[in-house]
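*Asks:* structure, please.
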Amino acid sequence: MLNFKGAKMNAPSLVATSFGKRLSGLLLISFMAVLSSGCTPTPPDHRAQVTAPVYESGDARNGEKLYEELCSQCHTLRPGSNKKGPQLVGVYMAPSAQLKDYKYSEAMEQANWVWDADTLDSYIEDPEAVLADTRMLSDPVPSAEDRQDIIAYLSTLGREAPPVAEDENK
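*Replies:* All right, here's what the predicted structure looks like:
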């Protein structure tokens, strides 16, 4: 190991310490920039608890498998965790473009839909045919049975009460 003359550290320790100081400084500067910019991250959003009956015209178990295969690349099932598409917990019977922590297309913002079985069916079948300027660029799902299964699965999600925000003054 190399020891620098008069130094109390060997070369690897000196490099690690120097790197650590620079990294700490960069993190502090980044943190201060975020604080001073006035930008605050959008808190995770969620949809209201689903109270509509479960959709029974499809097989929810098969719908879960189809969701994993066809939808999970762009959607999650965790509020506050969006990918290319919004998270889908509680989407069944919810208004379209509802989540504040996801950037919808202007066309979806103006659609004013409710995600009932008919709307979900036509949208999953061919999103671009139903809403020309949609951000959902997935392949169409031509099988009516597959679509019904996916809708049945989505209708089972979001039946627990959403989290209650903690009072920050406690």
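
*Asks:* contacts, neighbours, all on C-alpha from now
*Replies:* Noted.

*Asks:* residue ranges with poor pLDDT in this structure?
*Replies:* In the prediction, the chain carries residues with pLDDT under 70 at positions 1-44, 162-170.

*Asks:* quick check: closest non-adjacent residue to V130.
*Replies:* Using C-alpha to C-alpha, 6 or more residues apart in numbering and skipping residues adjacent in sequence, the residue nearest V130 is Y123, 6.1 Å away.

*Asks:* what does A117 give?
*Replies:* In space, and not counting its chain neighbours, A117 is closest to I151: 6.5 Å by C-alpha to C-alpha, 6+ apart.

*Asks:* can you pull the contacts of the one you found?
*Replies:* Contacts for I151 (C-alpha atoms under 8 Å, 6 or more residues apart in numbering) come out as 55, 58, 60, 63, 92, 117, 120-121.

*Asks:* take these and lay them out in TSV including neighbour count.
*Replies:* Compiled in TSV, these are given as follows (neighbours: other C-alpha atoms under 10 Å):
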residue	neighbour count
Y55	20
G58	19
A60	22
G63	22
Y92	30
A117	19
L120	21
D121	19
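
*Asks:* what's the end-to-end length of stretch 46-54?
*Replies:* Distance between the two ends of stretch 46-54: 19 Å, counting by C-alpha to C-alpha, to the nearest Å.

*Asks:* residues touching the residue lying closest to L154 once chain neighbours are set aside, list them.
*Replies:* With sequence-adjacent residues excluded and distances taken as C-alpha to C-alpha, 6+ apart, L154 is closest to Y92, at 6.2 Å. Taking C-alpha under 8 Å, 6+ apart, we find Y92 in contact with 50, 115-117, 151, 154-155, 157.

*Asks:* most surrounded residue in these?
*Replies:* Using other C-alpha atoms under 10 Å as the neighbour definition, those reach their maximum at I151, which records 30 neighbours.

*Asks:* those helices in this protein, which residues are they?
*Replies:* In chain order, the chain shows helices spanning 11-37, 60-70, 106-111, 117-125, 127-130, 144-154, with DSSP state H as the criterion.

*Asks:* in the second one, which residues are buried?
*Replies:* Same thing as helix 60-70. For helix 60-70, a neighbour-count test (16 or more other C-alpha atoms under 10 Å) marks 60, 62-64, 66-67, 70 as buried.

*Asks:* what do you get for the last one?
*Replies:* Using 16+ other C-alpha under 10 Å as the burial criterion, the residues of helix 144-154 that qualify are 146-154.

*Asks:* just to revisit the earlier point, closest to R135 among the buried residues of helix 60-70?
*Replies:* L70 (15.8 Å; C-alpha to C-alpha).
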